[in-house]
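K.L.:
Just to be clear, the model below is a prediction. Sequence and coordinates:
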Amino acid sequence: MNFAEVWSRIESHAGEEFTQIRGGTFRYSMVGSSLRPDRTNRRLSKAHFEEALRLVPFPNTTVVHHLQGPSYIYAILMDPRIRRDNW
């Protein structure tokens, strides 16, 4: 899967609602080469999404626990708007 294409999808859905594995909802904004979920002050780097993409599909957040914001990464990469039919 081409990461640039996936990152473009992530950028295009900024501001939309996403749902975490336990049901919490959030929106995110793009800040340079990272994104900032509205439920935390953390920024999630583009590099972490690129690393996580190598591991999709995820059965749960455990696979990406070594990355910043695993529940957000899971919610975004496993969302049908982002994954489409790619994984």
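P.N.:
Nice, thanks for sending it over.
K.L.:
and the lengthiest helix in the chain, what does it pack onto?
P.N.:
Longest helix in the chain, counting residues (DSSP state H): helix 3-12. Taking 3 or more C-beta pairs under 8 Å, 6 or more residues apart in numbering; DSSP states H and E as the contact definition, the neighbouring helices and strands of helix 3-12 are helix 46-53, helix 80-83. (Each C-beta comes from the backbone N, C-alpha and C, glycine too.)
K.L.:
one more time with 10 Å
P.N.:
Contacts of helix 3-12 with other secondary structure elements, assessed using 3 or more C-beta pairs under 10 Å, 6 or more residues apart in numbering; DSSP states H and E, are made with strand 28-31, strand 34-37, helix 46-53, helix 70-77, helix 80-83.
K.L.:
Could you list the residues in contact with that helix?
P.N.:
Residues external to helix 3-12 that are found in contact with it (C-beta atoms under 10 Å, 6 or more residues apart in numbering): 2, 28, 30, 33, 35, 44, 46, 49-54, 56, 76-77, 79, 81-84, 86-87.
K.L.:
Hmm, residue 43 is touching residue 69, no?
P.N.:
Yes: using C-beta atoms under 10 Å, residue 43 is in contact with residue 69, at 8.8 Å.
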